[in-house]
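*Asks:* no FASTA, just this:
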């Protein structure tokens with residue numbers, strides 16, 4: 001067993017996020033140990049003047065720590081192996097040996113990751129899920145105070161929830177997504193309501209519009225799943241006019257959906273080196289991504305409640321219609337492994353049910369509503 005340091009970026013404006021990251025790191029270490037890979041969370045050090053936080057783990061390998069960090073949704077630049085008997089109080093220039101050796105994180109093939117993601121979202125029928133969460137889009141566009149007549153782009157629109165919501169407010173709404181079947185469902189919805197909404201094929205990391213095209217850009221649980229976070233954020237900023245509004249709804253790492261993804265990851269590991277989409281649900285990550293490109297950012301944690309007759313119905317629904325969950329079950333070779341994943345998801349849903357009445361379940365799922373103004 002060796003000791004490893006994970007270096008995190010923690011903006012001065014988001015120091016409260018440290019506590020949440022510690023909870024997630026400890027939980028991820030316990031979960032991975034339960035799965036047979038021993039990892040212990042030992043200590044943390046906060047260096048506010050450097051906007052840095054160091055997490056110290058004990059593990060058999062750097063790969064084990066990488067997996068722990070991924071499950072916890074930690075945004076980090078590198079992992080370093082340290083000497084277990086090193087004195088932390090000894091100045092660096094007085095140590096006989098270096099304190100740490102950097103272990104490079106794997107570099108993922110983001111093109112391949114994106115192709116697999118597109119296949120996942122095209123499987124099942126995400127519109128069935130989107131129909132249940134329309135309230136989030138309605139609240140987002142209202143709280144973003146979109147003006148009638150504005151040109152609004154909804155990125156990773158799926159079947160058009162936020163684009164249609166913006167059109168109801170009198171906006172000139174356009175939605176882009178890379179799943180054509182979902183766009184067709186969105187066109188049917190807009191036509192049924194008599195709304196003029198343009199739904200086009202497009203990639204969140206390469207939006208097919210000129211610079212400074214829109215008065216507002218939205219995304220509801222969409223852009224967060226782009227594998228290249230920095231490129232996706234750069235595109236949001238690029239197509240926005242100066243003074244434009246960017247409004248995002250993103251699941252949080254510590255919320256129910258974050259736990260659902262970590263539960264699935266224990267059975268079907270995600271691509272190595274790809275940053276967790278749940279990081280978009282943290283203020284620190286958003287500030288890191290958009291940086292000087294915005295003049296203000298307001299982040300509010302909100303809750304959407306999933307309602308089903310039972311935990312079993314919830315799992316069956318997500319297994320049938322939600323592409324990532326459907327693909328996770330399909331990736332498991334045996335019926336026993338599929339049953340184990342189903343059992344864990346049922347247990348997760350029951351653990352988060354706030355009713356406890358037995359006749360139905362209500363699962364609160366935390367997400368962040370982020371509203372920024374482009375510089």
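*Replies:* Perfect, I can see it now. Here the structure is a predicted model, which is why all the values come from computation and not from measurement.

*Asks:* can you give me the strands in the stretch 201-350 of the chain?
*Replies:* 214-220, 240-251, 294-308 (DSSP state E, counting those that start in this stretch).

*Asks:* Single out the most deeply packed of the ones you listed.
*Replies:* Of all these, strand 214-220 carries the top mean neighbour count, a mean of 27, counting by mean count of other Cβ atoms under 10 Å. In short, each C-beta sits where N, CA and C put it, glycine included.

*Asks:* what's that one in contact with?
*Replies:* Contacts to strand 214-220, defined as Cβ atoms under 8 Å, 6 or more residues apart in numbering, come from residues 133, 136-137, 140-141, 144, 146-147, 150-156, 161-163, 166, 171, 204, 236, 239-241, 244-249.

*Asks:* Strand 240-251 and that one, what's the angle between them?
*Replies:* Strand 214-220 and strand 240-251 are oriented at 10 degrees to each other (axes from the mean of the first three to the mean of the last three Cα atoms, to 10 degrees).

*Asks:* So in that sheet, which strands flank strand 214-220, and in what orientation?
*Replies:* strand 151-155 (parallel), strand 240-251 (parallel) (DSSP bridges).

*Asks:* show me where pLDDT drops low in the stretch 101-250 of the chain?
*Replies:* For the stretch 101-250 of the chain, applying pLDDT under 70 flags the ranges 101-106.

*Asks:* ok, residue 276 - contacts?
*Replies:* By Cβ under 8 Å, 6+ apart, the contact set of residue 276 is 70, 73-75, 253, 261.

*Asks:* Among these, which pair sits farthest apart?
*Replies:* The span of the contacts of residue 276, defined through Cβ to Cβ, is set by 75 and 261 at 15.2 Å.

*Asks:* Do me a favour and get the end-to-end distance for stretch 188-206?
*Replies:* Criterion Cα to Cα, to the nearest Å; first-to-last residue distance in stretch 188-206 is 26 Å.

*Asks:* Return the set of buried residues in it.
*Replies:* 189-190, 195, 197, 199, 202-205 (16 or more other Cβ atoms under 10 Å).

*Asks:* Distance to residue 372 added to these, as TSV?
*Replies:* Output for the buried residues of stretch 188-206, formatted as TSV (distance: Cβ to Cβ, whole Å):
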residue	distance to residue 372
189	28
190	27
195	26
197	23
199	24
202	21
203	21
204	16
205	19
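
*Asks:* Filter those residues down to the ones in helices?
*Replies:* Under the assignment DSSP state H, these contribute 189-190 to helices.

*Asks:* between the buried residues of stretch 188-206, which is closest to residue 267?
*Replies:* Nearest to residue 267 among these: residue 204, at 27.2 Å, using Cβ to Cβ.

*Asks:* is it true that the closest one touches residue 234?
*Replies:* No: contact between residue 204 and residue 234 fails when scored by Cβ atoms under 8 Å: they sit 10.6 Å apart.
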